[in-house]
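1. Give me the fold of what follows.
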Amino acid sequence: MTDAGAIESRVRRFLAQAEIPYETIACRPDQADTAVFCEVFGIAPEASVNTILVASKKEPKSYAACLILANTRLDVNRTVRKEMGVRKCSFASFEETEAVTGMISGGVTPFDLPPEISILIDARIVGEEIMWLGGGSRSLKVGVKADDLARLPNARVVEGLAS
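-> Residues are numbered from 1 along each chain as shown. Next up is the predicted model:
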């Protein structure tokens, strides 16, 4: 079992070291799913960002953490595949996601990912607005300015990542 408190501490430490201002909302694990979180805490879906881990099919596997708005769908078969430079890729399973990121599925965040994981950010996620993301566990959400996400190591903004 992954220790939520240790993960959340790691995420907070990463944000402090990266000098990224942030806010937090503590939530119960049953409030972590995007639709429930938005409803309970009055957050608009267009201010909520999902972090989805995608894995190449071929060994050795490569990974990308894809950041998309909660009200959009990730284009895995075209845009993500092309950005990863692979022939085939798919969503990583919950177990694989936890093993690769060291975070809890349903709370994965781009903050403090292993350095070999690329971070792909949908081009709609820009500006000074606060965006809410997982905090590494299912009991913490982190709010940061959209533009600060593009400052993350290994991050790049991609047109058409989601539709």
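2. alpha carbons only for contacts and neighbour counts from here, please
-> Will do.
3. And the helices in the protein?
-> In the chain, helices defined by DSSP state H lie at 4-17, 34-41, 81-84, 94-101, 146-149, listed in chain order.
4. Quick check: closest non-adjacent residue to the most centrally placed residue in the chain.
-> With distances taken as C-alpha atoms, centre = their mean, Thr51 lies nearest the centre of the chain, 2.4 Å away. Spatially, and ignoring its direct neighbours in sequence, Thr51 is nearest to Leu67 (4.7 Å; C-alpha to C-alpha, 6 or more residues apart in numbering).
5. How many neighbouring residues does the one you found have?
-> 28 (other C-alpha atoms under 10 Å).
6. That one pairs with what?
-> Beta bridges link Leu67 to Thr51, Ile121, judged by DSSP bridges.
7. how close does it get to Val157?
-> From Leu67 over to Val157 the distance is 9 Å, taken as C-alpha to C-alpha, to the nearest Å.
8. Quickly list what's touching both of the two.
-> Contact criterion C-alpha atoms under 8 Å, 6 or more residues apart in numbering; residues shared by Leu67 and Val157: 120-122.
9. coming back round to it: who's in contact with the residue nearest to the centre of the chain?
-> Applying C-alpha under 8 Å, 6+ apart, we find Thr51 in contact with 65-68, 108-110, 133-134.
10. Same question for Ser90.
-> Applying C-alpha under 8 Å, 6+ apart to Ser90 gives the contacts 54-57, 76-77.
11. With distance to Ala6 added, can I get these in CSV?
-> Output for the contacts of Ser90, formatted as CSV (distance: C-alpha to C-alpha, whole Å):
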residue, distance to Ala6
Val54, 24
Ala55, 25
Ser56, 29
Lys57, 31
Val76, 31
Asn77, 34
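12. Lowest-confidence one in those residues?
-> Among the contacts of Ser90, Asn77 carries the weakest pLDDT, at 91.
13. measure that one to Val54 for me?
-> For Asn77, the distance to Val54 - C-alpha to C-alpha - is 11 Å.
14. more crowded one of those two?
-> The residue with more neighbours, out of Asn77 and Val54, is Val54; 24 against 12, by other C-alpha under 10 Å.
15. Excluding covalently adjacent residues, which one is nearest to the more buried one?
-> Phe91 (4.5 Å).
16. so who does that neighbour touch?
-> With C-alpha under 8 Å, 6+ apart, Phe91 has these contacts: 52-55, 76.
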